[in-house]
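Novice: fold the stuff below for me.
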Amino acid sequence: QVKLMESGGGSVQPGGSLRLSCTASGDMNSPYCMAWFRQAPGTEREEIARLYARGTDTWYHSSVEGRFTISRDNAENTLYLQMNSLKVDDTAMYYCAASGLALCHLTFWGQGTQVTVSS
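Specialist: Numbering: from 1, shown residues only. You can find the predicted model right below:
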């Protein structure tokens, strides 16, 4: 059973930075891809960043491109999201997700970590 656990959320002022972590436990070895999603109150969950674990390909939603960076530490089985120049609109619950080995179907999900950006 694969479990994902996010951490690193919190409250920050506009312009500040946070780094989210997503640690995988269980039988998880080289997922095809991993991603970060977020969901603000009253909105649908949206994907904001994706990393293809067997290479260096990444994808970012236009709303975060240039401010957020997705990365992975294979040795620690941990996915990161470095968030800089945070805006009030970035306030949301952030979730990580991972696929199985062969296809980028995001099967495994964490419980989420809250990020609040306010002055």
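Novice: name the nearest residue to residue 53, sequence neighbours excluded.
Specialist: Leaving out its chain neighbours, the residue that sits closest to residue 53 by CB to CB, 6 or more residues apart in numbering is residue 31, at 5.5 Å. Every C-beta, even on glycine, is put in place using the N, C-alpha and C of the backbone.
Novice: mind pulling the model confidence for residue 56?
Specialist: Residue 56 carries a pLDDT value of 79.
Novice: ok, the residue lying closest to residue 4 once chain neighbours are set aside - contacts?
Specialist: The shortest distance from residue 4 to any residue other than its chain neighbours is 3.8 Å, reached at residue 110 (CB to CB, 6+ apart). Residues near residue 110 by CB atoms under 8 Å, 6 or more residues apart in numbering: 3-6, 22, 95-97.
Novice: 7 Å instead, please
Specialist: Residues in contact with residue 110 (CB atoms under 7 Å, 6 or more residues apart in numbering) are 4-6, 22, 95-96.
Novice: per-residue confidence for it?
Specialist: 97.
Novice: distance of it from residue 62?
Specialist: 24 Å (CB to CB, to the nearest Å).
Novice: would you map the strands across the chain?
Specialist: Assigned by DSSP state E, the strands in the chain fall at 3-7, 10-12, 18-25, 33-39, 46-52, 58-60, 68-73, 78-83, 92-99, 106-109, 113-117.
Novice: mind putting those in JSON lines, mean neighbour count included?
Specialist: Compiled in JSON lines, these are given as follows (neighbours: other CB atoms under 10 Å):
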{"stretch": "strand 3-7", "mean neighbour count": "17"}
{"stretch": "strand 10-12", "mean neighbour count": "14"}
{"stretch": "strand 18-25", "mean neighbour count": "19"}
{"stretch": "strand 33-39", "mean neighbour count": "22"}
{"stretch": "strand 46-52", "mean neighbour count": "19"}
{"stretch": "strand 58-60", "mean neighbour count": "15"}
{"stretch": "strand 68-73", "mean neighbour count": "17"}
{"stretch": "strand 78-83", "mean neighbour count": "21"}
{"stretch": "strand 92-99", "mean neighbour count": "23"}
{"stretch": "strand 106-109", "mean neighbour count": "17"}
{"stretch": "strand 113-117", "mean neighbour count": "18"}
